[in-house]
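Chemist: sequence and computational prediction follow.
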Amino acid sequence: MTAAIDEYISHKRVVGRPDGRPLRESTLTTLRYRLVAIHAGTSKLDELTPKRCAALYAARTQTKIAAAGDATIAADTHRNELQAAKTFAAWLHGRGWLPRNPWDQVQAVGGRLRGKEQLRVDEARRFSDVAFAAARAGDVAAIAVLTALILGLRSSEVLDRVIRDLDDDGRLLWIPTSKTDAGRRREEVPAELRRLLLELAGDRPGTDRLFPRLAQLRRRGRARDVVTSDWLRYHTARLCTAADVPRVCPHSLRGLHSTLAVEAGATPHLVAASLGHADRGGTARRHYIAPGALERQSTRRVAATLIDRSGVGNETSPTRSPSDSELEDSETNTA
């Protein structure tokens, strides 16, 4: 079993994602952990029968968390492990190492958690004020956290950015690759965040990461060459503590972005477009609204809520010609 898991991880490292992008080592480490956990006590592949797999999953759903008394692992945890096991077994079957996929008929139990705890509007403003103050003082992590919040980006969409993605003198941030096809987009950068990102980019080469390794980050004795989602999660929590607001994760900031946008008047399909989801109100987008206009409006609404008040971020964006504005935000198909 151990050798088969090793072979599978090596395979995943080579083939990467369906779109050709490589998988992060942290993703492969998580995948290995899930496979080892759900196959606990299994030493040979021929032990994997449908009955055995059903028993393994049932046992996993009752696994206790060592530091949480009688609490069992979350449904999200064992459901993710089950999905990993099914995909792994399908790969084994495809190579002729298993006569069938023994996990196929095992049904997941328990409901997944929906949504993350979010900051309230006043809390979000305090958080934003503290983060901007830290960012202006040279806190690179605070700039990364603000980028996630103001633009509604996934952690990977923040950390994977290179200098050349900051375009048009800092007015645009390109997201050329993402978790989903709909995630490939460009975001308009509000003026205050734009200034911080331009200072961070400096005159470095276009292929350098926007958020570089400032020092070797160590965890469990291993050096990290680049910043990771753990880094962003840690500093999000740190800024929450500094702002005296509930601790949330970077993905919660992404949800907060959509909540603030909707409450400021943006429609749900506008927010879905801004966040890189597939459901974008297709007819309007295809036939009437200029590409990118909805996404930019969503970011502007969030920026207005968090930045453009009480003198915070009062710097205005350079004036653009009326024709540019009309093309970006008001162009319609009159055919």
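Modeler: Sure thing, it's come through.
Chemist: the host helix or strand of A89 packs against which elements?
Modeler: In this assignment (DSSP states H and E), A89 forms part of helix 75-94. The helices and strands touching helix 75-94, judged by 3 or more Cβ pairs under 8 Å, 6 or more residues apart in numbering; DSSP states H and E, are helix 2-15, helix 25-38, helix 50-61. Heads up, the C-betas are built off the backbone N, CA and C, glycines and all.
Chemist: list the buried residues for it?
Modeler: By neighbour count on 16 or more other Cβ atoms under 10 Å, the buried set for helix 75-94 is 77-82, 84-89, 91-93.
Chemist: what's in contact with it?
Modeler: Under the contact criterion Cβ atoms under 8 Å, 6 or more residues apart in numbering, helix 75-94 has outside partners 4-5, 8, 11, 31, 34-35, 37-39, 45, 48, 53, 57, 60-61, 63, 98-104, 106, 108-113.
Chemist: what about that helix, average pLDDT?
Modeler: Throughout helix 75-94, pLDDT has a mean value of 95.
Chemist: name the next helix or strand following it along the chain.
Modeler: Sequence-wise, the next helix or strand downstream of helix 75-94 (DSSP H and E) is helix 121-136.
Chemist: in that next one, what counts as buried?
Modeler: Using 16+ other Cβ under 10 Å as the test for burial, helix 121-136 gives E123, A124, R125, R126, F127, S128, D129, V130, A131, F132, A134, A135.
Chemist: same check on stretch 101-118?
Modeler: Residues of stretch 101-118 classed as buried: N101, P102, W103, V106, A108, Q118 (neighbour count, 16+ other Cβ under 10 Å).
Chemist: tally of neighbours for A40?
Modeler: A40 sits with 11 neighbouring residues when counted by other Cβ atoms under 10 Å.
Chemist: right, I mislabeled it, should have said T72
Modeler: By other Cβ under 10 Å, neighbour count at T72 equals 15.
Chemist: that one touches T63, doesn't it?
Modeler: Yes: if you go by Cβ atoms under 8 Å, T72 and T63 touch, sitting 6.1 Å apart.
Chemist: now L149, nearest residue through space, not along the chain?
Modeler: Of all residues not flanking L149 in the chain, L253 sits nearest, at 4.3 Å (Cβ to Cβ, 6 or more residues apart in numbering).
Chemist: ditto for S155
Modeler: S229 (4.3 Å).
Chemist: what's the angle from the helix or strand harbouring T236 to helix 25-38?
Modeler: According to DSSP H and E, T236 maps onto helix 229-243. Between helix 229-243 and helix 25-38, the angle comes out at 100 degrees (axes from the mean of the first three to the mean of the last three Cα atoms, to 10 degrees).
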